[in-house]
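Q: need coordinates for the following:
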Amino acid sequence: MEYKDYYKILGVDKNASQAEIKKAYRKLAVKYHPDKNPGNQETESRFKEINEAHEVLGKPEKRKKYDELGENWSRFEQGNYGDSNPFAGFGRQQGQSFYSNEDLNDVFGGFGSSGFSDFFEAFFGNRRSSGHSGQGMQNDGTDGPDFQAELPLSLEEAFHGTSRVIRLQDEQIRMTIKPGAYDGQVLRVKGKGGKARGAGSRGNLLVKVSLLSHRSFERIGNDLKIRHQISLFDAVLGGETKVNTLNGTIRIKIPAGTKNDKLLRVKGKGMPVYGKPNQSGDLLVQLQVQIPEKLTPAQKELFEKLRLSFN
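A: Presented below is the predicted three-dimensional model:
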């Protein structure tokens, strides 16, 4: 099996920084992208190599192992790596890659059905390359890698639930997101990741939720917090006020003598609890007392009389 010089493929020095590697990758990916060279098998193969090189060198942990591989390659070729095998431990979990939506298009658009090279999969996949014996890898097939993508969601979408279509080169995957999805949550689409070889299983598509900030509401776990203005008179005397929620308007009572920034808790009016249709968090209403800034002479006189009455 031929050794692949990923540094040479990207045209960077072995001491290149991660930023330099990323810059070189993006430049080459644009140049050799299949969309710009339709039907050109040589260009497609080059694009495939570029993506594979970036997959290794662009990840510090994989890059470290690859550098160790370079130092031990001659020993591996002879099958004499013994207990110091620097290539063990690269199962699917370690082989996961985190892609942006743009990167996903590159991966699925350029790799086709064959996935990574034999060289890559021998050391970063789940099987052992044919022609060598040893432990830690299998020879009956390669599980496809898990792909990961980030999915931005508005707070409204997370509240009500939504559906999205992820377009890959040869298929469209419709995802249903249940109400209550939270920031950092990973949704698994089974069998929609990288394609397998031999008797291996296709990988999964792991979609990480990225919750967008909201102009009015702050999410705290399953609770929602909102700042709501009330008049000085309602704060002093008590009353009722209308408060907007993500599911319409509600009325709440204001206790007499309410201080500025007082928090009122409204049970069951927060975020739905993901996977539990009949459960919701609470709505936290932070009351902000409005102080009149401009008074007519008559109003000012009334406030003066009120002040004197307290003295």
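Q: show me the shaky parts of the protein.
A: Within the chain, the ranges that satisfy pLDDT under 70 run 1-2, 69-119, 121-141, 168-169.
Q: number of nearby residues for the closest residue to Ile177 other than its chain neighbours?
A: If the residues on either side of it in the chain are set aside, Ile177 comes closest to Thr162, at 5.2 Å by Cβ to Cβ, 6 or more residues apart in numbering. From N, CA and C alone the C-beta is placed, and that goes for glycine too. Per other Cβ atoms under 10 Å, the neighbour tally for Thr162 reads 17.
Q: thought Thr162 was touching Gly180?
A: No - here Thr162 does not reach Gly180: they are 11.6 Å apart, not a contact under Cβ atoms under 8 Å.
Q: picking up where we left off before, gap between the residue nearest to Ile177 and Ala149?
A: The gap separating Thr162 from Ala149 is 16 Å, by Cβ to Cβ, to the nearest Å.
Q: just the helices in the stretch 101-250 of the chain please.
A: Per DSSP state H, counting those that start in this stretch, the stretch 101-250 of the chain carries helices over the ranges 101-111, 118-124, 155-160, 232-237.
Q: returning to that earlier point: return the distance of the residue nearest to Ile177 relative to Lys253.
A: Per Cβ to Cβ, Thr162 is found 34 Å from Lys253.
Q: Gly39 now?
A: For Gly39, the distance to Lys253 equals 71 Å [Cβ to Cβ].
Q: could you look up the SS state of Lys259?
A: With DSSP: H, G, I helix; E, B strand; the rest coil as the basis, Lys259 sits in coil.
Q: now do the same contact list for it.
A: Ala235, Val289 (Cβ atoms under 8 Å, 6 or more residues apart in numbering).
Q: for His214, the count of nearby residues, please.
A: 16.
Q: what helix or strand does Lys31 sit in?
A: Following DSSP states H and E, one finds Lys31 within helix 18-32.
Q: against which helices or strands is that helix packed?
A: Contact here means 3 or more Cβ pairs under 8 Å, 6 or more residues apart in numbering; DSSP states H and E; on that basis helix 18-32 packs against helix 6-10, helix 41-57.
Q: can you lay out those helices as CSV showing distance to Thr296?
A: As requested, the helices and strands packed on helix 18-32 are arranged in CSV below (distance: least, Cβ to Cβ, whole Å):
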stretch, distance to Thr296
helix 6-10, 74
helix 41-57, 70
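Q: relative to Thr245, which of the ones you listed is closest?
A: Ranking the helices and strands packed on helix 18-32 by proximity to Thr245 (Cβ to Cβ) places helix 41-57 first, at 44.8 Å.
Q: pairing partners for Ser280 in the sheet, please.
A: According to DSSP bridges, the residues that bridge with Ser280 are Pro272.
Q: so it makes contact with Asn247?
A: No - using Cβ under 8 Å, Ser280 makes no contact with Asn247, being 9.4 Å away.
Q: mutual contacts of these two, please.
A: By Cβ under 8 Å, 6+ apart, the residues touching both Ser280 and Asn247 are Lys269.
Q: which one of the two is surrounded by more residues?
A: Here Ser280 and Asn247 are compared on neighbour count by other Cβ under 10 Å; more neighbours surround Ser280, at 21 against 13.
Q: OK, contacts around the more buried one?
A: Contacts of Ser280 were listed using Cβ under 8 Å, 6+ apart, and they are Asn222, Gly268, Lys269, Gly270, Met271, Pro272, Val273.
Q: kindly recompute the last result at 6 Å.
A: The contact partners of Ser280, by Cβ atoms under 6 Å, 6 or more residues apart in numbering, come to Gly268, Gly270, Pro272.
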